[in-house]
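> Any chance you could fold what I've pasted below:
(one chain, ligands or ions: 1)
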Amino acid sequence: MTEMIRMERVHFSYQNEKVLDNVSLTLHQGEFLALVGPNGSGKSTLIKLALGWLKPQAGDIQLMGQDIRRFRDRDKIGYVSQKANSFNLGFPATVFEVVAAGLYGKMGLFRWMGRKEKQKVYEAIEQVGLSDWAHRNIGRLSGGQQQRAFIARALVSDPDLLILDEPTVGVDAESVDRFYRLLTHLHREKGLTLLLVTHDIGAVTTYVDRIACLNKRIFFHGDPEEFTRKQKEILTAAYGHEVQMIDHQHEAKDEMSLFVST
Ligand SMILES: Nc1ncnc2c1ncn2[C@@H]1O[C@H](COP(=O)(O)OP(=O)(O)OP(=O)(O)O)[C@@H](O)[C@H]1O
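Below you'll find the predicted structure:
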């Protein structure tokens, strides 16, 4: 089975703060992996290393069988950040324009969009169920709809691997359910490999086929059944205290302020 991401004995520090300590993790083609761990445990850092935005001080990273330093197929990897924070929602752009921006890397910013490209954009918008909103300003959509628009933007270049960093933060419970259904569809029907960073441990075990628990080092990497059986020990070890599962309605509400302010 092809390895989409392979990290071996990776060490990473910001200045003097050690964030990842001897982390080895493999994501195979076709897997749906959830990466969980407490705040500040290094999840986003691990993602940034996998995307090549940060370089490890030690260890090896391979993407799709190639050393990350020589990896050139960037558009095979789609990325959805914690929220649309990389995008100014006040900016007057339609869903179509936001999604089309996902193609610019491939075709160059100033090249005119041909019929084929436009069709790709509409297909990506349809995949996430936003066809009726394609020409609506992104700022006028709900949080859940915006989130789906950003997923469409990541999908438009036909990636083989989609990485999502806490995309459900601040999204209402109904949109979270819809989001998981969309990911399950992309995973099962389209064969997309998925890496999802989330705090939503309760819900995620239902949907994913692998879970990794990180806090500087990997405390668990295995299937959800084993994780559920050993959950108490794993989470107590990784979080340093017992963890109470909260349903996502609570979580979404509690984290609403985070969504707005960061
Ligand atoms: N650019 C940076 N410079 C210095 N320290 C950083 C930087 N980014 C993150 N850190 C620190 O590294 C540690 C890991 O951060 P990271 O964002 O990877 O964790 P996380 O697991 O994604 O957290 P959260 O769940 O809260 O988003 C934290 O202590 C954080 O403060």
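
> The protein: strands as residue ranges?
Per DSSP state E, the chain carries strands over the ranges 3-14, 17-28, 32-36, 58-63, 66-67, 77-80, 161-165, 193-197, 210-215, 217-222.

> chain center to the shortest one, what's the gap?
Centroid separation between strand 66-67 and its chain, computed with Cα atoms, centre = their mean, to the nearest Å, is 21 Å.

> looking at it, Met64 is touching Thr2, isn't it?
Yes: using Cβ atoms under 8 Å, Met64 is in contact with Thr2, at 6.9 Å. (C-beta placed from N, C-alpha, C; glycine too.)

> higher neighbour count, the two?
Met64 (18 against 10; other Cβ atoms under 10 Å).

> What confidence value was assigned to that one?
At Met64, the model reports a pLDDT of 95.

> which residues touch Ala100?
Contacts for Ala100 (Cβ atoms under 8 Å, 6 or more residues apart in numbering) come out as 113, 117-118, 121, 156.

> oh, I was asking about Ala238
When contacts are counted by Cβ under 8 Å, 6+ apart, Ala238 touches 37-38, 41, 213-215, 219-220.

> now the contacts of Ala100 as TSV including pLDDT and distance to the ligand?
As requested, these are arranged in TSV below (pLDDT from 0 to 100; distance: Cβ to the nearest ligand atom, whole Å):
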residue	pLDDT	distance to the ligand
Met113	77	35
Glu117	89	34
Lys118	92	36
Val121	95	30
Val156	94	26
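
> Scan those and report the most crowded one.
Within the contacts of Ala100, most neighbours by other Cβ under 10 Å means Val156, with 26 neighbours.
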